[in-house]
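Asks: here are the coordinates; sequence isn't available:
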């Protein structure tokens, strides 16, 4: 099972600045391992970010996204305590969902 | 969705045996794919094919799209790219690395309270232009920025 994501959401005015760090190898299908065998494609295809249950960002990724992907976005009209949900699905059908709350501006 | 399928058929037909062989290989390896995943776009090998799959052929250049990326990236495996679109009604943002084996890196569909801003880290094989393709109010706009790569990140 995949490792948990790190999600940080901070309020700046009425915009929530959301930073997500996912743990995933993101293999390109072009790299060879120590035995000179090609490491098969393994990458996150889709990431959905929700704000209080409503989808705000629906992403489609290729293998060109770096290992342990970072995703940053801004959500307008957010308030402290709002729930941010993130779900990713990779090309092998693995998925993971994590949730965080928007922290007030510090 | 049906337009995507049409595009894919057109694409495989147009680019010949290589594309067909590639597609067959993928099906043979039994990969489960999300229904909405833009297969033709992500498997396109040239910038023109990517633009076609996005429906963005002939998109206009816009100064309201800002690409934040380093001028010189030492490590091609981790190139931070952020796209800010000031265009009203931004619906979709795509990031394309022109000279990658598969240029289309990511597509972001913005909805609800989502702002016209995304940032991610991508891999780049060699020095090339990074394109941002933005769909706003049903029209497509592009911007580009050159990123020099010291060590490629696709191997």
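Replies: In hand now; what should we look at? Since we're looking at a predicted model, the values are computed, not measured. Numbers count the residues shown, from 1 in each chain, chains lettered A, B, ... in the order given.

Asks: domains of chain B?
Replies: B:1-43, B:59-151 (automatic domain parsing).

Asks: residues in contact with residue A:51?
Replies: Contact analysis of residue A:51 by Cβ atoms under 8 Å, 6 or more residues apart in numbering or on different chains lists A:16, A:75, A:78, A:82, A:83, A:84, B:112, B:113. Quick note: C-beta positions are derived from backbone N, CA and C, even for glycine.

Asks: and if you look at residue B:76?
Replies: By Cβ under 8 Å, 6+ apart, the contact list for residue B:76 reads B:123, B:124, B:125, B:126, B:149, B:150, B:151, B:152, B:153, B:154.

Asks: possible to save the contacts of residue A:51 as CSV with distance to residue B:46, pLDDT and secondary structure?
Replies: Output for the contacts of residue A:51, formatted as CSV (distance: Cβ to Cβ, whole Å; pLDDT from 0 to 100; DSSP: H, G, I helix; E, B strand; the rest coil):
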residue, distance to residue B:46, pLDDT, secondary structure
A:16, 38, 91, strand
A:75, 35, 92, strand
A:78, 39, 89, coil
A:82, 42, 92, coil
A:83, 42, 93, strand
A:84, 37, 93, strand
B:112, 34, 76, coil
B:113, 36, 75, coil
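
Asks: returning to that earlier point: nearest to residue A:7, of the domains of chain B?
Replies: domain B:59-151 (14.5 Å; Cβ to Cβ).

Asks: what's the next secondary structure element after the lowest-mean-pLDDT helix or strand in chain B?
Replies: Lowest mean confidence among the helices and strands of chain B (mean pLDDT, DSSP states H and E): helix B:17-28, at a mean of 41. The helix or strand immediately downstream of helix B:17-28 is helix B:39-43, counting by DSSP states H and E.

Asks: quick one: residue B:131 from residue B:59, how far?
Replies: 10 Å (Cβ to Cβ, to the nearest Å).

Asks: who touches both of those two?
Replies: Common neighbours of residue B:131 and residue B:59, using Cβ under 8 Å, 6+ apart, are residue B:142.

Asks: neighbour count: these two, which is higher?
Replies: Set side by side, residue B:131 and residue B:59 show more neighbours around residue B:131, with 25 against 18, by other Cβ atoms under 10 Å in any protein chain shown.

Asks: how far does the top strand by length along chain B sit from the chain's center?
Replies: Criterion DSSP state E: the longest strand present in chain B is strand B:139-151. Chain-centre distance of strand B:139-151: 11 Å, with Cα atoms, centre = their mean, to the nearest Å.
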